[in-house]
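Student: need a structure here:
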Amino acid sequence: YKMNKLLVSVFLLLGVTFVFSLPSVTLEFTEPISVPSGWTQSFKPNPTNLLNLNIAVKLQNGDILSETLEQVSNPLSPKYGQYLSHEEVGALVMPKAESVKSVIEWLQQNGIFEHENSDGEFFKVNPHKEFIKVKCTVAKAAKMFSTEFNSFFHKQSRKMIVKSLGPYSVPQDIAEHIDFVSGIVGFPLEQPPVVLSSPQADTAPITPAITPAILRNRYNVTQGYLGQNGNNSQAVGEFIGEYFTPADLTTFFKKFVPFAVTGDDSKYKIVGNNTSSSPGVEAELDLQYIMGVAPNITTSFYINSNNDFWSGITDWQSLLSSTREIPWVHSISYGSQDAWPSDSYIQRSDQEFQKLGVRGVSIIFASGDYGTGCELCLRFKPNYPGSSPYVTSVGGTQFSGGMDYEIASAAFSSGGGFSPKSFQTIPNYQASAVNNYLQNNKNLPPSKYYNKKGRATPDISALSVNFQIVTSGSVKGVDGTSCSTPTFAAMVSMLNDMRFQKNKSSMGFLNPWIYQTFASTPSAFFDVTQGSNGYNCCGSGFQCDKGWDPVTGVGTPNFAVLKTLI
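Tutor: Presented below is the predicted three-dimensional model:
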């Protein structure tokens, strides 16, 4: 933490002026962040313009939260599947009353109250008090957080945003109560989440057009199986202004989901504001494949239009934490292998994923489309949030030499590797599989590139090349782990469906079950032993091998076997 001086009061005593000061504390970053390529600083923003901020108040009982997640998600535990209710999770981690009181009083001292003032400013406390949303003017935010805001323009996308480059700070007596404040620092993701299939290089195997029917056939999904339990639900999370068009979804079902029944294409709920006239390839892909692979399961479409991805993730986590009943499975095809957020952000975000896990919710992220990642040609950099120990990370494969054999994607480089963060060490659930790879693979990259003690990804994979989608009325092919992620999520939803039919609980946090199943029943996964995931100037990356590897995880799912093990 960097200490600054904040003037708090001036007293007059015996005609002498004394200035008393209280230190302030910088949060997240101690130096200004750099302006990403493509963005230029523009004019000063109107000081009366309003900003949307989200204060993450420190949680309690993080150690008990971790222990509880281990108990309810480990199939060998007597408490497996005994999840906590929304209210129980809130009671476990709710911030100290002193913390909430201090932050609220600080806001009020700065003229921000629960009721909107004449400037349009107000704050709102989440039900369990772990997030406090704040709307305030640019001028007020600059004063409260001792920082400067500017307008930034992106020539290609024509987007204009108001952000601070940081650092930002708060009084020391407030800093001890909060983890970070979202909405101050952060730029939109620059790497596109998906790419349209293009004519493949001579070195890339020709892959067939992939549809839900082909996926279900490859992974041995029971023929004709549709969702049967009314308690079942699934979701996709969309960020940075991605929307879908219902007409495209209907056309997709007519063309590519012949096994669905009438009405399956409309079994969705929209959470947020959907601009159907501006469909995005990512959003259309996500929704079409989670619904097309697992029809007749109510699917929620979460929309977050915040251009700052990390603030969007915080808003999404805050919403889920505030909502009593949420879908059992969430598929998110977004992340970054370049601009990671701060350590304090990551640690708190990981806690939010733990909170969802103890509720029995499965959170599934794409592992990324840039292989090992490559930072300054010096070290690998995997995807976050995909590298969180508390989500399931999905890599990408493609067919080779027919439709019964898969290799790691050659159309793009499947994201995978090891977290560089010292606080994201290899979890117990994957230690045996990961260490087996590290000890036995003869073609490991130079150790200087990666942290072999870090959380390893991906956990599992699925096909990810030449997926057929309908967008703006036309059929197009799409590549990326954005394809494999909703595919695997849909299969988890079908496993949930079968468990619910037996009056069992949801699958919940999947990773302990995945690795234990891999160890006890290898036939539950199709091993992927060919391919690698090098990227840019960091070399050839990791190589696929027998068993788990940092390219495709434990392989791809064999649903026919998995369903017998739940």
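
Student: Count the residues that sit near the closest residue to Y535 other than its chain neighbours.
Tutor: In space, not counting the residues next to it along the chain, Y535 is nearest to G371; the distance is 3.4 Å by Cβ to Cβ, 6 or more residues apart in numbering. Placement of C-beta: from N, CA and C, glycine included. Counted with other Cβ atoms under 10 Å, residues neighbouring G371 total 30.

Student: for F123, same thing?
Tutor: The local packing of F123 (other Cβ under 10 Å) involves 20 other residues.

Student: swap in L50?
Tutor: The burial count assigned to L50 is 15, neighbours taken as other Cβ under 10 Å.

Student: ok, the residue nearest to Y535 touching S413?
Tutor: Yes. Distance between G371 and S413: 3.2 Å, which falls inside the contact criterion (Cβ atoms under 8 Å).

Student: which residues are in contact with both of these two?
Tutor: N533, G534, Y535, G541 (Cβ atoms under 8 Å, 6 or more residues apart in numbering).

Student: Show me where the stretch 251-400 of the chain has its strands.
Tutor: Assigned by DSSP state E, counting those that start in this stretch, the stretch 251-400 of the chain shows strands spanning 268-271, 299-303, 329-332, 362-366, 392-399.

Student: I'd like those written out as JSON lines, with mean neighbour count and mean pLDDT added.
Tutor: As requested, those are exported to JSON lines (neighbours: other Cβ atoms under 10 Å; pLDDT from 0 to 100):
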{"stretch": "strand 268-271", "mean neighbour count": "16", "mean pLDDT": "97"}
{"stretch": "strand 299-303", "mean neighbour count": "22", "mean pLDDT": "98"}
{"stretch": "strand 329-332", "mean neighbour count": "28", "mean pLDDT": "98"}
{"stretch": "strand 362-366", "mean neighbour count": "28", "mean pLDDT": "98"}
{"stretch": "strand 392-399", "mean neighbour count": "30", "mean pLDDT": "98"}
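
Student: quick one: contacts for Y370?
Tutor: Counting by Cβ under 8 Å, 6+ apart, Y370 touches Q191, Q337, N383, F412, S413, G415, Y535, N536.

Student: Recalculate using a threshold of 7 Å.
Tutor: Q337, S413, G415, Y535 (Cβ atoms under 7 Å, 6 or more residues apart in numbering).

Student: The second one: how many residues sit nearby?
Tutor: Meaning S413. Neighbour count for S413, taken as other Cβ under 10 Å: 23.

Student: before we move on, what about the third one?
Tutor: When neighbours are counted by other Cβ under 10 Å, G415 registers 34.

Student: hang on, P550 packs against C544?
Tutor: No. Judged on Cβ atoms under 7 Å, P550 makes no contact with C544 at a distance of 9.1 Å.

Student: Compare the two and say which is more crowded by neighbours.
Tutor: Remark: of P550 and C544, P550 carries more neighbours, 33 against 23, as counted by other Cβ under 10 Å.

Student: any idea how far that one lies from P382?
Tutor: As for P550, its distance to P382 is 9 Å (criterion: Cβ to Cβ, to the nearest Å).

Student: Can you check which residues contact both of the two?
Tutor: The contact sets of P550 and P382 overlap at G416, G417, F418, T457 (Cβ under 7 Å, 6+ apart).

Student: what sits against the nearest residue to the last one once chain neighbours are set aside?
Tutor: Distances taken as Cβ to Cβ, 6+ apart place S393 nearest to T457, at 4.0 Å, with adjacent residues excluded. Each residue near S393 by Cβ under 7 Å, 6+ apart is listed here: F365, S367, G386, S387, T457, P458, D459.

Student: Export those residues to TSV and append columns for distance to S484.
Tutor: Written out in TSV, the entries for these read as follows (distance: Cβ to Cβ, whole Å):
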residue	distance to S484
F365	11
S367	8
G386	12
S387	16
T457	13
P458	9
D459	12
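
Student: May I have the residues that are in contact with the residue nearest the centre of the chain?
Tutor: For the chain, P385 is the residue whose C-alpha lies nearest the centre (Cα atoms, centre = their mean; 4.5 Å). Contacts were defined as Cβ under 7 Å, 6+ apart; by that measure P385 touches I313, G335, S349, F365, V391.

Student: cool, and N536?
Tutor: Taking Cβ under 7 Å, 6+ apart as the definition of contact, the neighbours of N536 are C374.

Student: can you start the count at 23 instead of 1 from here on
Tutor: In the new numbering, first residue 23, that becomes N558.

Student: And it, how far from S64?
Tutor: Computed with Cβ to Cβ, the distance linking N558 and S64 is 30 Å.

Student: T229 too?
Tutor: Between T229 and S64 the distance is 43 Å, computed by Cβ to Cβ.

Student: ranges for the helices of this protein?
Tutor: All helices of the chain, identified by DSSP state H, fall at 84-95, 108-115, 119-131, 160-166, 194-197, 234-240, 268-278, 303-315, 331-344, 365-380, 450-462, 503-523, 533-542, 581-584.

Student: Tabulate these (a markdown table), appending mean pLDDT and mean neighbour count.
Tutor: Rendered in a markdown table, the data for these read as follows (pLDDT from 0 to 100; neighbours: other Cβ atoms under 10 Å):
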| stretch | mean pLDDT | mean neighbour count |
| --- | --- | --- |
| helix 84-95 | 98 | 18 |
| helix 108-115 | 98 | 17 |
| helix 119-131 | 98 | 16 |
| helix 160-166 | 97 | 20 |
| helix 194-197 | 96 | 16 |
| helix 234-240 | 97 | 20 |
| helix 268-278 | 98 | 18 |
| helix 303-315 | 97 | 28 |
| helix 331-344 | 96 | 23 |
| helix 365-380 | 98 | 22 |
| helix 450-462 | 97 | 16 |
| helix 503-523 | 98 | 26 |
| helix 533-542 | 98 | 20 |
| helix 581-584 | 98 | 18 |
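
Student: Turn the ones you listed into JSON lines, including distance to I429.
Tutor: Formatted as JSON lines, the entries for these read as follows, by distance: least, Cβ to Cβ, whole Å:
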{"stretch": "helix 84-95", "distance to I429": "31"}
{"stretch": "helix 108-115", "distance to I429": "41"}
{"stretch": "helix 119-131", "distance to I429": "51"}
{"stretch": "helix 160-166", "distance to I429": "50"}
{"stretch": "helix 194-197", "distance to I429": "50"}
{"stretch": "helix 234-240", "distance to I429": "13"}
{"stretch": "helix 268-278", "distance to I429": "24"}
{"stretch": "helix 303-315", "distance to I429": "21"}
{"stretch": "helix 331-344", "distance to I429": "31"}
{"stretch": "helix 365-380", "distance to I429": "30"}
{"stretch": "helix 450-462", "distance to I429": "17"}
{"stretch": "helix 503-523", "distance to I429": "13"}
{"stretch": "helix 533-542", "distance to I429": "19"}
{"stretch": "helix 581-584", "distance to I429": "20"}
